[in-house]
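Student: Predicted model and sequence below, questions to follow.
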Amino acid sequence: MSALVGVLALQGDFAAHAAMLRGLGAEVREVRVPADLDDLDGLVIPGGESTTMTLGIEREGLGDPLRAFAASGAPVFGTCAGLIMLDRDHLGIMDVLATRNAFGRQVHSFEEDLEIAGVDGPPVRAIFIRAPWVAERGEQVEVLAAVDGHPVAVQQGSLLAISFHPELSGETRLHERFLALIRSAGDRGRARSA
Ligand SMILES: NC(=O)CC[C@H](N)C(=O)O
């Protein structure tokens, strides 16, 4: 059975994530209100603008439901503003602190070839758009990739967060990795209930 993956669709580039996930065989549901989280196998929080997204989450009463969803062990994948939303100062789902627009105000966007731990094949062509980096992290947070020594891809158990936008360049390997996390979380769930 294919995974049912939610994409937080309050603001930002959720449509590009939905298209990529569908292309990889997942079923996708856009998430706008708490009930949309029911029965999801995983959730993507897309890039966009973190202040606007925060206001939307407050307006819809999504903060506690999103925290409960992650606490249940369901995989969550945050990209760019989505990484910011996961940090200690926002939803507090991951033990990281992000710096917004970390690469400098003048550097609105750049591309870089990134080696990412656990991603096989050629380097990932990563598009950064007013991107954050991870300034602080807890011990259980693994750094998968860094630019100039600053983490731009991190993982904490079933939580994955990156500073860049694979959904804009047709780079599928990060979404595939996320779907693999969903499959292994599902296997653990089945093992628990067996
Ligand atoms: N591309 C992005 O998601 C940029 C994030 C944006 N700079 C913010 O702080 O919210």
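Tutor: Right, received. Where do you want to start? Numbers count the residues shown, from 1 in each chain.

Student: hey, let's count contacts and neighbours off CA atoms from now on
Tutor: Noted.

Student: Check the residue most central in space within the chain and give its pLDDT.
Tutor: A centroid search over the chain (Cα atoms, centre = their mean) returns residue 78, at 1.6 Å, as the residue closest to the centre. The per-residue pLDDT reported for residue 78 equals 98.

Student: Could I get the CA-only coordinates of the helix or strand bottoming out on mean pLDDT in the chain as PDB?
Tutor: Every helix and strand of the chain was ranked by mean pLDDT, DSSP states H and E. The lowest is helix 173-193, at a mean of 84. Output in PDB follows, covering the C-alpha atoms of helix 173-193 (Å, rounded to 0.1, in the frame of the first residue of the first chain):
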ATOM      1  CA  ARG A 173      16.600  11.500  -3.400                       C
ATOM      2  CA  LEU A 174      15.700  13.500  -0.200                       C
ATOM      3  CA  HIS A 175      12.000  12.700  -0.700                       C
ATOM      4  CA  GLU A 176      12.900   9.100  -1.300                       C
ATOM      5  CA  ARG A 177      14.800   9.100   1.900                       C
ATOM      6  CA  PHE A 178      11.800  10.600   3.700                       C
ATOM      7  CA  LEU A 179       9.500   7.900   2.200                       C
ATOM      8  CA  ALA A 180      12.000   5.200   3.400                       C
ATOM      9  CA  LEU A 181      11.800   6.700   6.900                       C
ATOM     10  CA  ILE A 182       8.000   6.400   6.700                       C
ATOM     11  CA  ARG A 183       8.300   2.700   5.600                       C
ATOM     12  CA  SER A 184      10.600   1.900   8.600                       C
ATOM     13  CA  ALA A 185       8.300   3.800  11.000                       C
ATOM     14  CA  GLY A 186       5.400   1.700   9.600                       C
ATOM     15  CA  ASP A 187       7.400  -1.500  10.200                       C
ATOM     16  CA  ARG A 188       8.100  -0.500  13.800                       C
ATOM     17  CA  GLY A 189       4.400   0.300  14.300                       C
ATOM     18  CA  ARG A 190       3.400  -3.100  12.900                       C
ATOM     19  CA  ALA A 191       6.000  -4.800  15.100                       C
ATOM     20  CA  ARG A 192       4.600  -2.900  18.200                       C
ATOM     21  CA  SER A 193       1.000  -3.900  17.400                       C
END
